[in-house]
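A.B. asks: quick one, what's the 3D model for this:
(chains A, B and C)
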Amino acid sequence: MTYLIGLIPALPLLGFLILALAGKLLPKKAVAFIGVGSVSLSALITIYVGWHYLSDLKEGNDITATIYTWVSAGTFTADISFVLDSLSLVFCFVITFVGALIHLYSVEFMRHEDGFSRYFAYMNLFVGSMLILVLAGNLLLLYFGWEGVGLCSYLLISFWYKVPEFGYAGRKAFIVTRIGDTAMLIGLFLLFVSFGTMDIKELMQGVADKWNQGSPLAVISALLLLGGAIGKSAQLPLQTWLPDAMAGPSPVSALIHAATMVTAGVYLIARTHVLFSLSPLVMHIVAIIGALTLLLAGFSALAQTDLKRVLAYSTISQIGYMFLAMGIGAWSAAIFHFMIHAFFKALLFLSGGAVIHLLNDEHDIFKMGGLRKKMPVVFITFLIGGASLSALPLITAGFYSKDQILWFGWSAVGSTPWLWLAGIIGALVTSIYTFRLIFITFFGETGPEPEHKAGAFINIPIITLAVLSLAGGFIEMPENMAPVQVFSGFLHKIFPAISLADEAHSELIFQFLSAVVSLTGIWIAFRFFNRESAFGSSFRNSRLNNFFLAGWGFDRIYDVLFVKPVVWLSQIDQKDIIDLIYKYIAAGTTFFHLLISKTQNGKLRWYALAFSVGIVLLLAFMILL
Amino acid sequence: MVTVSMEIQILVASLLFVIGLVGFLVRRNIIFMLMSIEIMLNSAALVFIIAGSHWMQADGQVMFIFILAVSAAEVSVGLALILQMYHHFKTLDADALNKLRDEKTKPNQ
Amino acid sequence: MILVLLILILMAGGLLAWLAGRSNPLLARLISLGVIIINLILTLVLYLSQEKSVGQRWMVEFSRNWIPRAGIGIHLALDGISLLMLLLTFLIGIMAVLVSWKEINKNTGFFHFNILWILAGITGVFLSIDLFLFYFFWEVMLIPMYFLIGIWGHENRIYASYKFFLFTQASGLLMFLAILGLYLVHGKETGSYTFDYQQLIGTKMSPTIEFLLMAGFLAAFLVKLPAFPFHNWLPDAHTEAPTAGSVILASLMLKTGAYGLLRFAVPLFPDASAVFAPAGMVLGIAGILYGAKLAFAQTDLKRLVAYTSVSHMGFVILGVYAFNEIAYQGVVMQMIAHGISTGALFIIVGQLYERLHTRDLERMGGLWKEMPAMGAMGLIFSMASLGLPGLINFVAEFLTLLGTFKVSILFAIIASLGLIASAIYSLRIMQKVFFGSKNDGVNSKDLTLREAVVLGILVAAVFIPGIFPQPIIKTARPAIMKIVNERDNINVTGARVPGNSAHRASVTVANLPEDNIPGVAKYPYSDLKPASIDLNKKL
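C.D. replies: Here you go, the predicted model:
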C-alpha cells in the first residue's frame, strides 16, 4: 500500500518523461493515450487507496511512504516522503479525477494545435508536481511541488509562445508567485531553525508544544507562509497575475487556474493550520484578505468582457471565500468549498472554452449571443456550472458549500458580522456577474454560428462535472436539513471542530437569506445587465466600470511602483558603473605613460644630458651626506 | 722643476673633461661629438699621469698608453659607424638618429 | 603518484596536441579529448575508492622535496572537496573540447595545448597544498587563458584578454606577497621556514598582521570569484572568449577562487575571517543583486549569462562566511551546480552564435519553432539558473541560504531576493531567444548529434544530483567537517585571540523575543523525536 502512494505522483511524472523525450516521435493517438492514461491511472489508484483508507478510517491510520533521503547535510534532513491522510486524499482525488477529465477534454481541444505532445508533457508534469505538493510529508518536498506547478503554469500560460503578450503573461505569473514563494522559503528557514526538522508532522507537534498563543515567532512564520499562499492563490495583494494567465488554453485555465494550482495556497494553510491557529492575529488577516479579495474580484468580474477573464476573477473571488473560511476557523468548510469549486469552476472553464473554441477563438462575450440553441449541451452544462457558482438554493452543490461558509461567517467564534456581510454581498455580486455572463453569451436572438459541434471528448467531461456540480453537495448537508456530514466527518481527524458563538439564531434564516440573495442576483442580472438594457450599456461606459475592468487599478499601481523602477534601474546602469573605476585607473596609467615617455625621445644628446645631471646629483648627494 | 700642486693638476684635468662634456652635449655634428669624446678620454688619461707622477710609479704612464690604444680603436669604429650613418641618413646631425624613441612622442621636442 | 600523473598527463598531452596539430587538426582534438577522458577515468577510480580513506585527513597524498632550503616541496593532496572539483574539471574539460570541435579551425594544435595547460593549472590549484606550488599553478592557469581569449576570441578580444590578465595577475601578485609574508611570520614564530599548508595552519599572528595577510589572499580569490567590486573583468572576458574558453572560465576558473577561500583564506586566518565575515556577506549579497540587475539589462546574450555568473557566485561568498556545515555543503554544491548550468548556457550561446552569427538578443526570437531541442535545453538550464527544485542549483542555493539564515537572518532575507531577481533574468533569456515570433528569415538547424550529446550529459549532470544530492554531500562531508571543526577547536582551546564574536552580533534566532516557558527545556535539534502525535491537544 505504501508504495502505491508513491505511484500516484510517479505515474504522471513518468508520462511527462516519456512525452518530453519521445513525444515528437509518437503518433498523436499514442501521445493522448499516455497523457490521459497516466492521470487516469493515478485517479484509479487514488480511488483504490482512498477506498482502503476509508474502510480503515476508524483506526485512524495515515499512510506514510518514505522513499529515500533526499538531502541530508549537517543537521538538516529532508526525505522524499509522502503522507496520505484525509486532507491529502481529498486533494488527490480532485487533482487526479478532475485532472483526468480535463486531459480527456484536451485531446479534442488541442487536436489541431502545434505542440500536441509538448502540451501533454507539460500537463502531466503539472499533475505530477501538484500531487507531490499535496502528498509531501515535509515542507521542502512541498516546496518542490510548489515550484514545479509554478514552472508548469508558466510554460502552459505561454504555451502559444509565438505571441509575445502570452509570454509576458507567463512571466508575470511566475515572477509574482515567486515573490510569494520567497516569503514562504524564508518561513521554512525560520521553522527549521526553530525546530530542527522539516517534517510536517514533527513541525506541527513542535509548534503546538513549544510556541504559545500569539508568540511572535509563530506570527512571523505564519505570515511568511501566508505570503506564499497568497502568491499561489492569487489573493490580495498578489492577485494580478491570474486574469492575465487566461492567455493559456482553456483546459489549462480549468486545471491550473481554477481547480488545482491556485488552491495550493489553501492546502498550505490547511496543512499548517496548527501554526496558523496559534496566532489569532494571522487568522484575522487571513479572513480579512479573503473578504477583501472576494469583494474586489467580484466587482471586477462585473465589468469584464472577456469570457475567461470573468471566470478568472470569479476564481480569485471564490478562493477568497476559502481564505475567509479558514481565517475564521472553518477548516472543513473551506476544503469542502474547494472541492465543489473545483467541480463547477473547471466545468465553467471547460464549457466556456468549448464556446470559445467552437466560435473560432472568440473571447468577447459581446460578440456572442443566442448560443443556447446552437450548442445546447454546452449551454446546459455552463448554466449548471453558473448556477452552482451562484449558489442556487438547494439543487446546486455550490449552495451547500457557500452557505456553510456564510453561516460560519456569522456564527463562528473567530468571526465578525462584517465578514458575513462581505460574504453575502459577495454572493450577490457573484450571482449578478455569473448570470450577466450567461445571459449575454447564450441568450439573445442573434449571434455567431459555431464552426462545428462539440465531440464526445468535450461532452463527457463537462457532463460529468455538471453532475458533480449538482450532486456533490449532498455529502455535507447543513445540520438543520439532514444529518449527513460525511465530509467534515472525514476531515475531523485533521481539523478541530469549529466553535460557534451564536447558536441562538437559527441557521435557517441565513440559508433563506443566501437563497434570496442568489435569486435576486439572477433577477438583477436579467433586468439591468442584459445586453439590451440601458443601464447595462451606460454602466459599461462609466468610469466605475473601467475601474473594475482594470482590476481596481492594481496592475497600474504595480507597474508604477515596481516594474518601471526596476526596469529603469537596470537600464541606466547597463554598462556597469563600477567599470568606470577601472577605466579611470587605466586612463590614469596611460596618461602617466604619455607624460614619462616624453623623456624617451631617441636623442643621444638628451640621454647624455640625463647621465650628466644624474652623476652630478649623485656626487652632490655623496659629498653632502 | 716647477712643481704644481695636485689640486691645480686635477683642476686642469677636470676642466678638460667639462670642456669635452659640454662639447658633447652642445654640438650636433656627430664628428664634433666624437672629438669631444676624445677630449674627455684624454682628460681621464691626464688624471692617470698626474696620479702616476704623484705616486712616483710608472703605472700611470702605462695606463695612458692603454687609453690611447683604446681610444684609437674606438675612434676607428666610431668613424666607420659615422660613415654608415651618413650613408643612411645623408646627414651628420646627431638628432636625426632618434628612431628608438617612444612612438607616442613627436620628434624635435 | 596518481595526483602527479593527473597534472603531467595534461601537460604532456598539451605538448603532443600542439605538435600533432601542425599536421592534422583532427588528431590534436582527439589527443586532447583522449587525455582528458583518461584523467576523468583516473578521478572516477579515486572517487570509487574514497571509502578506503575514511578518517584520514587526505584521501591521497604525494610529497617530495623540491627546494628544501626555501621550504618548498611538491606537496599534493586530495580530499572530498578537491575530488569533486576534479570531477567537475574533467567533465567540463571534455565538454569544452567537444564544443570547440567545429568552432576552432586555425592553430588548432596550439588551441588544445592552451586548453590542456589551463586544465593542468586548474588541477594543480585544486591539488596543491604547498603554498608556493599553489601560486605556481595559479599563474599557470593564467597565461594560456590569456592566449585563448586573445587569439581565438571575438571582436573586442584584445581588450578583454588584457583586462582579464591584468586583474588576475595583479591580484595574484598581492596573494604572493601575502604568501611570502605568511612564510616569514611563521618562520619567525617557529623557526621553521616552510610553505607547507599543514604546518602553516595555526600560526600565531597578531590580529593586524593576520588581517593584512588574509587581505592579500582575499585579493586574489575575490577577483577570481568574482566578488562585487572586482567583477568587471568577467563580462568582457566571458563575452569575448571562444565558447570553450567561456565554458572553462565560468565553470572552472571561478571555482578556483571559491576553493581558495575554503582551503586557504578561511582556515589559515580564522579570526581575521571572522572579522571580515560581515563585509564578506555584504559583498556576496551585493554580487547577487547587482549581478542580477545587470544581467537583466543586457542585450548581448553572452554578456547576460556572464553577469548571471557574478550573481550565482555571490551565493558562494555568502555561504563561505557563514562558517557552518550546512552553508559549506551549499557552497560546494553551488560550485558544482553553477559550473554545470552556466557552462551549459555558454555552450548553448555558442551553438546559437555558430548558426546566427550574432549574440544580440534583439535579433533573436521565436527560435523554438525550428530548434525545439535546443529550446528545451535552454529551458532546463534557465530553470537551473533560477533555482528550480529538482535540479542541483536548488539544493545548493537552499543549503547556502539556510546556513546563512542560521547566523544572520537579515542577510539571508536580502539574499533570498536574489531568487526573485534570477527568475526575472532567466525568463527573459527564454522569452527573447526562444519564444516570440521569428525576426530574420534565417533557417537554423536543430542540435546535431555531438551538440545533443554534450547538452544531454549536462542535463543529466544537473538533474540527477538535484534528485540525489547525497553522494556529493557525503563526499564533501569529511573535508567540510575538518574546516568547520578546526575553527571551533581553535576557539575552544583559546590558543588564539578570540575574535569571531564580531559578526554574531547581528540578529540571530536566539536574539528574537522567545517565549521561554520557565522550567521547560528548549526543543533540541533533530536528536530527540517527538512523542506520539496528538494534534487535537492544544486546540
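A.B. asks: can you name the residues that contact the closest residue in space to C:Phe90 that isn't next to it in sequence?
C.D. replies: In space, not counting the residues next to it along the chain, C:Phe90 is nearest to C:Leu40; the distance is 3.9 Å by Cβ to Cβ, 6 or more residues apart in numbering or on different chains. No exception for glycine: its C-beta is placed from N, CA and C like everyone else's. Residues counted as contacts of C:Leu40 (Cβ atoms under 8 Å, 6 or more residues apart in numbering or on different chains) are C:Leu87, C:Phe90, C:Leu91, C:Gly93, C:Ile94.
A.B. asks: now, the residues you listed that are in helices?
C.D. replies: Counting by DSSP state H, the part of the contacts of C:Leu40 found in helices is C:Leu87, C:Phe90, C:Leu91, C:Gly93, C:Ile94.
A.B. asks: PyMOL command to pick out the buried ones of the residues you listed?
C.D. replies: The buried subset of those, as determined by 16 or more other Cβ atoms under 10 Å in any protein chain shown, is captured in PyMOL by this line:
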select buried, chain C and resi 87+90+91+93+94
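A.B. asks: for the ones in helices among the contacts of C:Leu40, which one is nearest C:Pro278?
C.D. replies: Minimum separation from C:Pro278 among those (Cβ to Cβ) is found for C:Leu87, which lies at 33.4 Å.
A.B. asks: pretty sure the closest one contacts C:Tyr47?
C.D. replies: Yes. Counting by Cβ atoms under 8 Å, a contact exists between C:Leu87 and C:Tyr47, whose distance comes to 6.5 Å.
A.B. asks: would you map the helices across the stretch 51-200 of chain C?
C.D. replies: Here the stretch 51-200 of chain C has its helices, by DSSP state H, counting those that start in this stretch, at C:80-99, C:108-127, C:131-152, C:157-190, C:197-200.
A.B. asks: out of those, which is closest to C:Ile457?
C.D. replies: For these, the distance to C:Ile457 is smallest for helix C:80-99, at 7.2 Å, taking Cβ to Cβ.
A.B. asks: distance from the chain centre to the closest one, please.
C.D. replies: Its chain's C-alpha centre and that of helix C:80-99 lie 11 Å apart, by Cα atoms, centre = their mean, to the nearest Å.
A.B. asks: avg pLDDT for that helix?
C.D. replies: Along helix C:80-99, the predicted local confidence has a mean pLDDT of 94.
A.B. asks: neighbours around A:Gln213, how many?
C.D. replies: A total of 11 residues lie near A:Gln213 under the criterion other Cβ atoms under 10 Å in any protein chain shown.
A.B. asks: so who does A:His530 touch?
C.D. replies: His isn't right for residue A:530; it's Asn. Taking Cβ under 8 Å, 6+ apart as the criterion, A:Asn530 is in contact with A:Arg436, A:Phe439, A:Ile440, A:Phe443, A:Gly536.
A.B. asks: farthest-separated two in these?
C.D. replies: A:Phe443 and A:Gly536 (13.0 Å).
A.B. asks: how far away is the closest residue to chain B within the stretch 251-400 of chain C from chain A?
C.D. replies: Checking the stretch 251-400 of chain C residue by residue against chain B with Cβ to the nearest Cβ singles out C:Arg303 as nearest, at 31.8 Å. Computed as Cβ to the nearest Cβ, to the nearest Å, the C:Arg303 to chain A distance reads 10 Å.
A.B. asks: doesn't C:His238 make contact with that residue?
C.D. replies: Yes. If you go by Cβ under 8 Å, C:Arg303 and C:His238 touch, sitting 7.4 Å apart.
A.B. asks: for the two, indicate the residue with more neighbours.
C.D. replies: More neighbours sit around C:His238 than around the other of C:Arg303 and C:His238, counting by other Cβ under 10 Å; the figures are 27 against 24.
A.B. asks: spatially nearest residue to that one (excluding sequence neighbours)?
C.D. replies: Of all residues not flanking C:His238 in the chain, C:Ala306 sits nearest, at 3.7 Å (Cβ to Cβ, 6+ apart).
A.B. asks: hang on, the one you found in a helix?
C.D. replies: Yes. With DSSP: H, G, I helix; E, B strand; the rest coil as the criterion, C:Ala306 is located in a helix.
A.B. asks: and the pLDDT for it?
C.D. replies: Reported pLDDT at C:Ala306 in the predicted model: 94.
A.B. asks: and the helix ranked longest in chain A with chain C, contact?
C.D. replies: Taking DSSP H as the assignment, the helix of chain A that covers the most residues is helix A:164-195. Yes. Helix A:164-195 comes into contact with chain C when judged by Cβ under 8 Å from any Cβ of the partner chain, the residues involved being A:164, A:167-168, A:170-171, A:174-175, A:178-179, A:181-182, A:185-186, A:189-190, A:192-195.
A.B. asks: what sits against A:Gly187?
C.D. replies: A:Ile220, A:Ser221, A:Ala222, A:Leu223, A:Leu224, A:Leu225, A:Gly227, A:Gly228.
A.B. asks: and with 6 Å instead?
C.D. replies: By Cβ atoms under 6 Å, 6 or more residues apart in numbering or on different chains, the contact list for A:Gly187 reads A:Ser221, A:Leu224, A:Leu225.
A.B. asks: ok, and the closest non-adjacent residue to it?
C.D. replies: Counting by Cβ to Cβ, 6+ apart, the nearest residue to A:Gly187 once its immediate chain neighbours are dropped is A:Leu224, at 3.0 Å.
A.B. asks: contacting residues for the spatially most central residue of chain B?
C.D. replies: Centroid check for chain B by Cα atoms, centre = their mean gives B:Ile37 as the closest residue, at 1.6 Å. With Cβ under 6 Å, 6+ apart as the criterion, no residue contacts B:Ile37.
A.B. asks: measure it to C:Thr168 for me?
C.D. replies: According to Cβ to Cβ, to the nearest Å, B:Ile37 stands 49 Å off from C:Thr168.
A.B. asks: give me the neighbour count for residue 19.
C.D. replies: No chain was given, so I picked chain A. Each residue near A:Leu19 was counted by other Cβ under 10 Å, and the total is 26.
A.B. asks: ah, no, chain C please
C.D. replies: Counted with other Cβ under 10 Å, residues neighbouring C:Leu19 total 14.
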